[in-house]
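> please work out how this folds:
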Amino acid sequence: MRAKDFRNQAWELLKKRNYWMFFLITLVFLLVTGASSFIILLVVGTLSVGHSLLYLRAYRGEDPKLETIFQPFSTSYVNTLIASLLTLAFVFLWSLLLLIPGIIKSYAYSMTKYILADNPELDGYEAMKQSEHLMVGHKWRLFCLQFSFIGWAILSLFTFGIGYFFLVPYITAAETAFYLDLIKEKVVENKTIEEIEVVEL
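Next up, the predicted model:
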């Protein structure tokens, strides 16, 4: 599937599942994670998993609910915190060599939050290893998907950043569709017709 296909899936999801609810939840997500560096360190990784869980459930037929993004705090906080800290540390260390290796590693670990959303009992480090496995041969595809939003991102700059709050749900939904494609889960008429458990990769 091409970047255009993922964007189309994302837009269809947002239209079907109440875009404004996604917008409000994303606004809360961004405000909380941007509050302070201390909160970011302790909270943002877990919130990112919850944010990913929200979009996964939406693709699987559920309506978006604010409480979903906080669910990992009660089900997998330690695992998500460990994954967040290790990812930050590993990407930083790789970046000390050169910028490019750090970027490559960030793409390798980019599916960790989705894997933990699907498997809350999974150890944080193991989730990172599974993300690396999933992203073999697909890092460039994800980069192209993200780059395809560059026009919208530039337009957001002319709205003093306000447009960014509207753009993030679109990008996140597209990246979630990308993850579902990686694990070969097809969603048709809001029903899962095939699932592969990530934990068995």
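> any buried residues in the helix or strand harbouring residue 20, and which?
Assigned by DSSP states H and E, residue 20 belongs to helix 19-33. Buried residues in helix 19-33, defined by neighbour count with 16 or more other CB atoms under 10 Å: 19, 21, 22, 23, 25, 26, 29, 33. C-beta here means a position set from N, CA and C on the backbone, and glycine is covered the same way.
> what about the closest residue to the third one other than its chain neighbours, neighbour count?
By the measure of CB to CB, 6 or more residues apart in numbering, the closest residue to residue 22 outside its immediate chain neighbours is residue 169, 4.1 Å from it. Around residue 169 there are 27 other residues, counting by other CB atoms under 10 Å.
> tell me which other helices or strands the helix or strand harbouring residue 169 touches.
Using DSSP H and E, residue 169 sits in helix 162-182. Applying 3 or more CB pairs under 8 Å, 6 or more residues apart in numbering; DSSP states H and E, we find helix 162-182 packed against helix 3-16, helix 19-33, helix 45-59, helix 139-147, helix 150-157.
> which residues sit against it?
1, 3, 6-7, 9-11, 13-14, 19, 22-23, 26-27, 30, 51-52, 55-56, 58-59, 111, 114, 134-135, 138, 141-142, 145-146, 149, 152-153, 155-157, 186-187 (CB atoms under 8 Å, 6 or more residues apart in numbering).
> if you set the cut-off to 6 Å instead, what comes out?
Residues from elsewhere that reach helix 162-182 (CB atoms under 6 Å, 6 or more residues apart in numbering): 1, 6-7, 9-10, 13-14, 22-23, 26-27, 55, 111, 114, 134, 145, 149, 152, 156.
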